[in-house]
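Undergrad: here are the coordinates; sequence isn't available:
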């Protein structure tokens, strides 16, 4: 299939797809999107597997037909193709700091919430890990996931007590992943930001008020 | 501390540090390195925590004193600072493909080996996850980690049956992570590449023969 613009397959139910939608909104670019109905298990249909054999969203189909999966890879394509309003950093130092903080937000925040939700939800029995392979849930993991999210909130409270945004002075992809992690933890894991974390709450109010947060 | 070149804190015992050493060797650049003695728990010393409060290697200290942790963030700094012989891709499309395949190698290969080893080793009791926080081991995870590594080998066998390197025609960071995952699985998790996986073995022979593999 050849299109002039890339085409994004996504779902409003997917926190990973949201990370890409926010990125696109912050860039102010127009990328056509097609919804995949996760509730109806459309991601496992033959039609969708022909696009992404891993049955995951988001997936970005490039004009030449190549499919890019994984949020950070899709971001990389968009950042290189639409360099204005950089979200992955400017100079080498800032690019490294954004990459580092974005990854901490994912590994210490986003991933534990995902792991906790997937190992707990009755609807995800036998699907404890996203992707093409079936894995049984391990309920023992869930308590550890909660402890990890607590530590994530403490660590990011300390960070945001001294910085306006997660990676420093400028809004970046690190804020996108942190916002997605906080909202996911709040809605799906009953773990909102603790009241005592004033810096994190100050940061949240600011980034959640940006128009992109509604994307 | 100000230095002219960045300084890499690393350890021969760390598969993540190896990913950075191989990257540096492939670039053909000279980056000063300092060994951290993980066997003596030097990463938990006050001196090292002053450099990296997360007690992890690798860590790259920049000329202005900023510390960059996380392999992919260190790679990003090195790629931007020393752009010759790119290992994270050339054009936007290739950069996205390298990012995608490198991440699959990590999430589907490297991470399960790490998870399996850390949740099994008697020496890592109470340290099931790397980083500043203590987490107890969950032995049930180990069998799932083995299943994930089996699937990783199957999936990468299929990929390498049609491509010379993991991300396509050119050697890239995706090959580095895949090599580090295979060697880590072989040495620390008793899971070498299965005999029947001929394409993966062909690929392994080629990349393991590069001088960088000894870094």
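TA: The structure has been received and is ready for your questions. This is a predicted model, so every value here is computed, not measured.

Undergrad: residue ranges for the helices of chain A, please.
TA: Here chain A has its helices, by DSSP state H, at A:15-27, A:46-51, A:71-81, A:92-104, A:111-118, A:140-160, A:173-188, A:198-208.

Undergrad: For the shortest one, give me every contacting residue.
TA: The contact list for helix A:46-51 (CB atoms under 8 Å, 6 or more residues apart in numbering or on different chains) reads A:9, A:36, A:42, A:55, A:59, A:61, A:67. C-beta coordinates here come from the backbone N, C-alpha and C atoms, glycine included.

Undergrad: Which of these sits closest to chain B?
TA: residue A:67 (9.0 Å; CB to the nearest CB).

Undergrad: what residues go with each domain of chain A?
TA: A:7-81, A:92-214 (automatic domain parsing).

Undergrad: Take the contacts of helix A:46-51 and lay them out in JSON lines including pLDDT and neighbour count.
TA: JSON lines is the format used below for those (pLDDT from 0 to 100; neighbours: other CB atoms under 10 Å in any protein chain shown):
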{"residue": "A:9", "pLDDT": "98", "neighbour count": "22"}
{"residue": "A:36", "pLDDT": "97", "neighbour count": "25"}
{"residue": "A:42", "pLDDT": "96", "neighbour count": "16"}
{"residue": "A:55", "pLDDT": "94", "neighbour count": "20"}
{"residue": "A:59", "pLDDT": "98", "neighbour count": "24"}
{"residue": "A:61", "pLDDT": "97", "neighbour count": "21"}
{"residue": "A:67", "pLDDT": "97", "neighbour count": "18"}
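
Undergrad: Spell out which parts of chain A neighbour chain B.
TA: Within reach of chain B by CB under 8 Å from any CB of the partner chain, chain A has these residues: A:60, A:62, A:64, A:66, A:68-70, A:72-74, A:76-77, A:80-81, A:91-93, A:95-97, A:99-100, A:103-104, A:108, A:128-129, A:131-133, A:135-136, A:138, A:140-141, A:144, A:147-148, A:151, A:155.

Undergrad: Can I have the buried ones of those as a PyMOL selection?
TA: Selecting only the buried entries of those in PyMOL, with 16 or more other CB atoms under 10 Å in any protein chain shown as the criterion:
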select buried, chain A and resi 60+62+68+69+70+72+73+74+76+77+80+81+92+93+95+96+97+99+100+103+104+108+128+129+131+133+135+138+141+144+148+151+155
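
Undergrad: Could you verify my assumption that residue A:163 touches residue A:171?
TA: No. Contact between residue A:163 and residue A:171 fails when scored by CB atoms under 8 Å: they sit 11.4 Å apart.

Undergrad: what's the spacing between residue A:136 and residue A:128?
TA: Distance, residue A:136 to residue A:128, using CB to CB, to the nearest Å: 6 Å.

Undergrad: what sits in contact with each of these two?
TA: Common neighbours of residue A:136 and residue A:128 (CB under 8 Å, 6+ apart) are residue B:144.

Undergrad: Give the residue spans of chain A that score low on pLDDT.
TA: A:1-3 (pLDDT under 70).

Undergrad: Correct me if wrong: residue A:53 contacts residue A:132.
TA: Yes. In this structure residue A:53 lies within contact range of residue A:132 using CB under 8 Å: 6.4 Å.

Undergrad: Give me the spatial nearest neighbour of residue A:178, chain neighbours excluded.
TA: residue A:105 (4.3 Å; CB to CB, 6 or more residues apart in numbering or on different chains).
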